[in-house]
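[1] give me the fold of what follows.
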Amino acid sequence: GAAPGGGALLPELVVFDLDMCAWSPEMFELGRVPRAGADEVRGDLGGGYGEGVAGARSGGATIKLFEGARFAMQQFYEGAYPGMRIAAASSADTPLAVQIGRGAMELIEIVPGVTMREVFGIGWPEGFEGNLQVGRTPPLSSNKARTHFPILQAETGIAYENMLFFDDCNWTDHCAAVERACPGVTTWATPSGMQLRDWEAGLKLYAEAAASRV
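    As a prediction, this is how the structure comes out:
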C-alpha cells in the first residue's frame with residue numbers, strides 16, 4: 001500500500017529469516033531451550049528505549065538480534081509502516097532448534113515489556129500462528145520457496161508481489177529460489193546479518209518494484 005502523504009510504497013508482509021539474518025547464532029548450534037525467569041539477558045535495546053531483555057541464553061551462548069532487525073521491529077511496533085505486517089520463514093534444522101527459536105522469541109524484547117513474539121503478532125487475529133513458518137518438519141522442508149512461502153501466502157492471503165523477504169543466503173541462496181518459484185516476491189540478502197542499511201535498502205528495492213507495477 002501507499003504511505004500517507006504520497007510516501008514510499010510499503011510491503012504488506014515483510015518476511016524475516018531468523019538464523020544469521022534476524023539474529024545470531026544458528027539455532028542448530030545450541031542445545032537448550034531458553035526458559036522464562038532464568039535465561040533473560042538484560043541490556044540496552046537501542047533506539048533510545050533503554051534497558052530490557054536484549055538476549056536469551058541457551059547454554060553458554062546468547063541469542064541476540066542484529067541491529068537492523070531490531071530497528072525494523074521497533075519501527076514496526078511504533079506504527080511507522082501503515083498496513084505492514086511481519087512474518088518469519090526459517091528452515092531451522094531440528095525440532096529442538098525450532099523450540100529454541102520459539103523460546104527466544106518469547107523472551108527477547110523489542111521495546112521494554114514487549115517481546116519479539118508479541119511484535120510478530122501485531123495485526124493478526126489473537127493466537128494466529130500462520131505467519132510463523134519455522135522449521136523443516138512436514139509440511140515444511142528445507143526449501144522455503146516450495147513450502148514456507150506457499151504456506152505463508154495461503155495462511156495470510158497476501159500476494160507474493162506484496163511481500164519483501166530478508167535472508168542471509170549464506171548456506172543456500174533462498175532469495176534466488178524464492179524469486180524463481182514465487183514470482184513477485186522482492187528479496188534482499190543479508191550476508192553479514194541484518195544491518196540498518198539492509199532494512200533501508202530492502203524497503204527501497206520493494207518500493208521501486210511496486211512503483212514499476214503501477
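[2] number of residues surrounding Ala88?
    22 (other CB atoms under 10 Å). (Each C-beta comes from the backbone N, C-alpha and C, glycine too.)
[3] let me redo that: Pro183
    9.
[4] just the pLDDT for it.
    Looking at Pro183, its pLDDT stands at 97.
[5] count the residues that sit near the closest residue in space to it that isn't next to it in sequence.
    For Pro183, the nearest residue in space outside its immediate sequence neighbours is Tyr160; the separation is 6.4 Å by CB to CB, 6 or more residues apart in numbering. Here the number of neighbours of Tyr160 (other CB under 10 Å) works out to 19.
[6] what kind of secondary structure is Ile110 in?
    Secondary structure for Ile110, judged by DSSP: H, G, I helix; E, B strand; the rest coil, is strand.
[7] tell me who's in contact with Arg42.
    The contact partners of Arg42, by CB atoms under 8 Å, 6 or more residues apart in numbering, come to Glu51, Gly52, Val53, Ala54.
[8] list the buried residues for stretch 17-27?
    Buried residues in stretch 17-27, counted by 16 or more other CB atoms under 10 Å: Asp17, Leu18, Asp19, Met20, Cys21, Ala22, Trp23, Ser24, Glu26, Met27.
[9] tell me the SS of the residue nearest to the last one when sequence neighbours are not counted?
    Put plainly, it is Met27. Excluding its sequence neighbours, the residue lying closest to Met27 (CB to CB, 6+ apart) is Ala97, at 3.8 Å. Here Ala97 is recorded as helix under three-state DSSP.
[10] is it true that Ala97 touches Phe28?
    Yes. Using CB atoms under 8 Å, Ala97 is in contact with Phe28, at 4.7 Å.
[11] between these two, which one's more packed in?
    Using other CB under 10 Å, the more surrounded residue of Ala97 and Phe28 is Ala97, with 24 against 13.
[12] from Arg136, how far off is the more buried one?
    Going from Ala97 to Arg136 by CB to CB, to the nearest Å gives 9 Å.
[13] for the residue nearest to Pro183, give me the pLDDT.
    pLDDT at Tyr160 comes out at 98.
[14] contacting residues around it?
    Going by CB under 8 Å, 6+ apart, Tyr160 touches Phe149, Gln153, Cys182, Pro183, Gly184, Val185.
[15] tell me the buried residues in stretch 150-158?
    Pro150, Ile151, Leu152, Gln153, Glu155, Thr156, Ile158.
[16] now do the helices in this protein.
    Shown for the chain, the helices assigned by DSSP state H span residues 67-77, 95-107, 116-120, 148-156, 174-181, 196-213.
[17] want to throw the ones you listed into a markdown table with distance to Asp168?
    Converted to a markdown table, the helices of the chain look like this (distance: least, CB to CB, whole Å):
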| stretch | distance to Asp168 |
| --- | --- |
| helix 67-77 | 11 |
| helix 95-107 | 15 |
| helix 116-120 | 18 |
| helix 148-156 | 15 |
| helix 174-181 | 9 |
| helix 196-213 | 10 |
